[in-house]
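>>> What follows is a predicted protein model with its sequence.
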Amino acid sequence: MSTIRTNPQVDNDALREMLFAGELVVYTDIPAVAELVAHAQHELKSLFRPHDPQQAHAHFSPSQLAEMLSSWKPRFMRLEKSLRLAKEVLEQIGFNPSTTHYDLLKPRTSYPVGHLTTGIAYAFPWHRDTWYAAARQQINLWFPVWEVRADNAMGFDPAGFGQKVPNNSSGFDYYRRNDERRSLAKVVGKDARSQPGAIDWQVPHEDILLISPGQILLFSADQLHRSIPNTSGLSRYSIDYRIVDVTDIEADRGAPALDVACTGTAIRDFKRVSDDGPMPENCVRILEPDGPPADVTLTFTPGG
Ligand SMILES: [Fe+2]
């Protein structure tokens, strides 16, 4: 059974507890989400003009798309308007800007099966973001740029939340991934990177939440989810980003994360909402008590 809550009228501590307990939360009326969608639509139309972005796969080869996206995505993430609206979304939902830390907006593209589905447009199988070195305190925010459909959206396995699922996350190291990211745009065919996923996992009741542009979905980084292989015939665009409230790290609150075996932590990627200050070192040390190994790439700067 899954619990999906809409526009909860609760304080922010209670909201985070709901997410850590496995609820999915949708907000339908956040003005900055609608502004971000209009901004992303405008940017994507400019990128693909004169073509319809949802038909981009019909006009560009997989390698052309990979090249276009690998320069557009980092630029979009850093636009002043993108950064400002991402923070406004958080404040309008009620996250505390002086304790909440965020990472950059991540535009996602999903092209129809048979087109670009690797590297920069990788279709993720069943996984938790905690298997990719996300903290169990992490909350993900996701919204579509155009309407999504059951054959090109994201699926959840709510029954897999809070239970151990066989997976290969032990093969994933966040700092090694940072090295691999430098060459991501070159991955057009076979993708040889370690991609944590569930092993032999059957999902009899997959939940597909089809929220509309202007609405936003919040979920714990410990939710089991996947990209649905895109058989819609349309290019699909969505945006997501992640947040962590340092008070959750300090109080040891968060999702269960019972089956996580990866190494490293993504926590250094997060900046304080109020002033873009770094994640406090005491919080990094709570998550990585022994500190990182020597000579590793702690963070990756997209497009940098
Ligand atoms: Fe994910």
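Perfect, I can see it now.
>>> When you work out contacts or count neighbours from here on, use the C-alpha atoms and nothing else.
OK.
>>> quick one: contacts for the residue nearest to Phe172 when sequence neighbours are not counted?
The shortest distance from Phe172 to any non-neighbouring residue, by CA to CA, 6 or more residues apart in numbering, is to Cys262 (5.0 Å). Going by CA atoms under 8 Å, 6 or more residues apart in numbering, Cys262 touches 131-133, 169-174.
>>> In helices, which of these appear?
Applying DSSP state H to the contacts of Cys262, the entries found in helices are Tyr174.
>>> Quick check: the residue nearest to Phe172 vs Pro196, distance?
For Cys262, the distance to Pro196 equals 9 Å [CA to CA, to the nearest Å].
>>> Next: Thr6.
Distance from Thr6 to Pro196, by CA to CA: 30 Å.
>>> More neighbours: which of the two?
Neighbours per residue, other CA atoms under 10 Å: of Thr6 and Pro196, the larger number sits with Pro196, 23 against 14.
>>> Is Gln223 in a helix, a strand, or coil?
Following DSSP: H, G, I helix; E, B strand; the rest coil, the label given to Gln223 is coil.
>>> I'd say it and Ala159 touch.
No: when contacts are counted by CA atoms under 8 Å, Gln223 is not listed as touching Ala159 (9.5 Å).
>>> Of the two, give the one with the bigger neighbour count.
Taking other CA under 10 Å, Gln223 and Ala159 do not tie; Gln223 has more neighbours (30 against 17).
>>> any idea how far the more buried one is from Phe161?
6 Å.
>>> what is in contact with these two at once?
Contact criterion CA under 8 Å, 6+ apart; residues shared by Gln223 and Phe161: Gly22.
>>> Might you list the low-confidence residue ranges for the stretch 101-250 of the chain?
Along the stretch 101-250 of the chain, the model assigns pLDDT under 70 to residues 115-123, 183-192.
>>> please redo it, this time with the cut-off set to 50
Low-confidence segments of the stretch 101-250 of the chain (pLDDT under 50): 120.
>>> quick one: the helices in it?
174-181, 246-250 (DSSP state H, counting those that start in this stretch).
>>> Between those, which one is closest to Gln137.
The closest of those to Gln137 is helix 246-250. By CA to CA, the value is 6.3 Å.
>>> What's the first helix or strand after that closest one?
strand 271-272 (DSSP states H and E).
>>> Give me the mean pLDDT for that following strand.
Confidence over strand 271-272 (mean pLDDT, whole number) is 98.
>>> Give me the contact list for that strand.
By CA under 8 Å, 6+ apart, the residues outside strand 271-272 that reach it are 97-103, 277-279.
>>> Return the mean pLDDT over whichever helix or strand comes after it, rounded to an integer.
Toward the C-terminus, strand 271-272 is succeeded by helix 281-287 as the next helix or strand (DSSP H and E). What helix 281-287 shows for mean pLDDT is 96.
>>> so what does helix 281-287 touch, helix or strand wise?
The contact analysis (3 or more CA pairs under 8 Å, 6 or more residues apart in numbering; DSSP states H and E) places helix 281-287 against helix 246-250.
>>> what's in contact with the helix it packs on?
99-101, 137, 254, 283, 286-287.
>>> Can you select the buried ones from those residues in ChimeraX?
Here is the ChimeraX command that selects the buried residues among the contacts of helix 246-250 (16 or more other CA atoms under 10 Å):
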select :99,100,101,137,254,283,287
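>>> Distance to Phe20 for the contacts of helix 246-250 - can I get that in JSON lines?
Listed next are the contacts of helix 246-250 as JSON lines, based on distance: CA to CA, whole Å:
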{"residue": "Thr99", "distance to Phe20": "17"}
{"residue": "Thr100", "distance to Phe20": "15"}
{"residue": "His101", "distance to Phe20": "17"}
{"residue": "Gln137", "distance to Phe20": "8"}
{"residue": "Gly254", "distance to Phe20": "5"}
{"residue": "Cys283", "distance to Phe20": "18"}
{"residue": "Ile286", "distance to Phe20": "18"}
{"residue": "Leu287", "distance to Phe20": "17"}
